[in-house]
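# Test case, fold it:
(chains A, B, C and D)
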Protein chains: 2
Amino acid sequence: MARAATTTDAFNAVAEPRRRQILDVLAGGERPVNDLAHELGLAQPQVSKHLRVLREVGAVDVREEGRQRMYRLNGEALKPIHDWVKNYERTWSERFEALDVVLEELKQEEDGDDSGE
Amino acid sequence: MARAATTTDAFNAVAEPRRRQILDVLAGGERPVNDLAHELGLAQPQVSKHLRVLREVGAVDVREEGRQRMYRLNGEALKPIHDWVKNYERTWSERFEALDVVLEELKQEEDGDDSGE
DNA sequence: AAATCATATGCCGATATAAGAATATGTCAA
DNA sequence: TTGACATATTCTTATATCGGCATATGATTT
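This next block holds a predicted model:
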């Protein structure tokens, strides 16, 4: 078996840095393909290909306007990534470490409590 | 050019679902390789290989204990992912949408205000 | 030392990639 | 209709992957 296709899910689509850059630009508003190509210093065909991947995972939507195609961010497609990674925030955030201490204390009290379960 | 190596960064390492599962288990505490293999229903060699990738991007640390190797989560390696994706939270979170409204209002006032800043 | 347990590594095969260049498709303008 | 513009697709080449299986490495027990 080979590596999962880039179009499998948002995790795979976004593993490519150029695609993250494209999304970052689109976060500032709708853009046509050539705009993106110039802004990121990429060749037009590569941008079109990256956009195809992003479209297949639902991270962008397209709208036809004359001969241009306006691409727009659809951030919801990234929610699964956020949902997954936010559970690890506690491992580096002092704020969450402090919360962990409180939870640990509560657990201690519970353990010393013989009220059964 | 081919796809970037899975060991290039956390984004690539974590695009593989099994590796996310491994991290999820390790979030519950240190584990030896066979434990992970059983818990996830994977063959031991594949687990070792996935752990190698995770180790190379710094997402796990190892500690030798007799003939076992205890693997431990190092969540900080996932911070870049969190930092990137959190900027998109506003696109699906009502809470942030509300914040956007407030910011928009502030901007309106500012624009219509000639008292400088 | 030999047997056993725990883990890592090597090899195989099928597959998807990403960039580049060329070209196809499609739209608007003269 | 012809030409210019905007975008998508196709083909090529080099490469890394993932699972399965066999095996190497290393530590512990008997």
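
# alpha carbons only for contacts and neighbour counts from here, please
Will do.

# Now do the most centrally placed residue in chain A against DNA strand D, distance only.
Residue closest to the average C-alpha location in chain A (CA atoms, centre = their mean): A:Leu78, at 3.7 Å. Look at A:Leu78 and DNA strand D: by CA to the nearest atom of the strand, to the nearest Å, they are 20 Å apart.

# now do A:Lys79
Applying CA to the nearest atom of the strand to A:Lys79 and DNA strand D gives a distance of 22 Å.

# about what we covered before: wait, is the residue nearest to the centre of chain A part of a helix?
Yes: counting by DSSP: H, G, I helix; E, B strand; the rest coil, A:Leu78 is located in a helix.

# Next, the contact list for the nearest residue to it once chain neighbours are set aside, please.
Nearest residue to A:Leu78, sequence neighbours excluded (CA to CA, 6 or more residues apart in numbering or on different chains): A:Ala10, at 6.2 Å. Applying CA atoms under 8 Å, 6 or more residues apart in numbering or on different chains, one finds that A:Ala10 lies in contact with A:57, A:59, A:77-78, A:80-81.

# Pull the contacting residues for the residue nearest to the centre of chain A.
With contact set as CA under 8 Å, 6+ apart, A:Leu78 has these partners: A:10, A:59, B:85, B:88.

# What count of nearby residues applies to A:Pro80?
13 (other CA atoms under 10 Å in any protein chain shown).

# Pull up the gap between the closest residue to it other than its chain neighbours and DNA strand C, please.
Nearest residue to A:Pro80 in three dimensions, chain neighbours excluded: A:Ala10, at 7.8 Å (CA to CA, 6+ apart). Note on A:Ala10: its distance to DNA strand C, by CA to the nearest atom of the strand, is 12 Å.

# do A:Tyr71 as well
As for A:Tyr71, its distance to DNA strand C is 16 Å (criterion: CA to the nearest atom of the strand).

# Which elements pack onto the strand or helix carrying that residue?
According to DSSP states H and E, A:Tyr71 maps onto strand A:68-73. Packing partners of strand A:68-73 (3 or more CA pairs under 8 Å, 6 or more residues apart in numbering or on different chains; DSSP states H and E): helix A:17-26, strand A:31-32, helix A:33-40, strand A:60-65.

# 6 Å instead?
Counting contacts by 3 or more CA pairs under 6 Å, 6 or more residues apart in numbering or on different chains; DSSP states H and E, strand A:68-73 is packed against strand A:31-32, strand A:60-65.

# So what touches that strand?
A:26, A:30-32, A:60-63 (CA atoms under 6 Å, 6 or more residues apart in numbering or on different chains).

# try stretch A:48-58
A:7, A:9-10, A:60, A:77.

# Name the member of these with the most neighbours.
Of all these, the highest neighbour tally under other CA under 10 Å goes to A:Val60, namely 23 neighbours.
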